[in-house]
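A.B. asks: From the sequence below, what's the structure:
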Amino acid sequence: MSAKKIFEILISALLYLLITLLWFAYAAPQMVEHGSDAALITAGFGTMVWLAATGCIAIYIIQKARPA
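C.D. replies: So this is what the prediction gives:
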């Protein structure tokens, strides 16, 4: 595996972890604490988008790891 490919994988993983940490440690709790309808809908929608993205990433990794 080339150094460029390893770099891309590590940067992607770091970005995913950073976004996950920021969403669940900072953004979502503040929206839930705010308590308005719009904030709660945004927090729920953002969490669903994160869950869908995580599922897509997992499926992509599984398909790439499987021999053709």
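A.B. asks: Any idea how many residues pack against Thr42?
C.D. replies: Each residue near Thr42 was counted by other C-beta atoms under 10 Å, and the total is 15. Where you see a C-beta, it was placed from the backbone N, CA and C, and this is true even at glycine.
A.B. asks: for Pro67, helix, strand, or coil?
C.D. replies: With DSSP: H, G, I helix; E, B strand; the rest coil as the basis, Pro67 sits in coil.
A.B. asks: Contact partners for the closest residue to Ala28 other than its chain neighbours?
C.D. replies: Excluding the flanking residues, the one nearest Ala28 by C-beta to C-beta, 6 or more residues apart in numbering is Ala43, at 4.9 Å. By C-beta atoms under 8 Å, 6 or more residues apart in numbering, the residues touching Ala43 are 27-28, 31-32.
A.B. asks: ok, 10 Å please
C.D. replies: Contact analysis of Ala43 by C-beta atoms under 10 Å, 6 or more residues apart in numbering lists 23, 27-34.
A.B. asks: can you tell me which of the residues you listed are in helices?
C.D. replies: Counted as lying in helices by DSSP state H, out of the contacts of Ala43, are 28-34.
A.B. asks: Would you point out the most distant pair within those?
C.D. replies: Greatest spatial distance among those (C-beta to C-beta): Ala28 and His34, at 10.7 Å.
A.B. asks: So if I had to pick from those two, which one is more boxed in?
C.D. replies: Higher neighbour count among Ala28 and His34: Ala28, with 18 against 12, using other C-beta under 10 Å.
A.B. asks: So that one is in contact with Trp50, correct?
C.D. replies: Yes: taking C-beta atoms under 10 Å as the definition, Ala28 is a contact partner of Trp50 at 9.0 Å.
A.B. asks: Which other helices and strands does the helix or strand of the chain with the lowest mean pLDDT contact?
C.D. replies: Of all helical and strand segments in the chain, the minimum by mean pLDDT, DSSP states H and E falls on helix 28-34, at a mean of 88. Other helices and strands packing on helix 28-34, by 3 or more C-beta pairs under 10 Å, 6 or more residues apart in numbering; DSSP states H and E, are helix 37-65.
A.B. asks: returning to what we had before: anything in contact with each of Ala28 and His34?
C.D. replies: Common neighbours of Ala28 and His34, counting by C-beta under 10 Å, 6+ apart, are 42-43.
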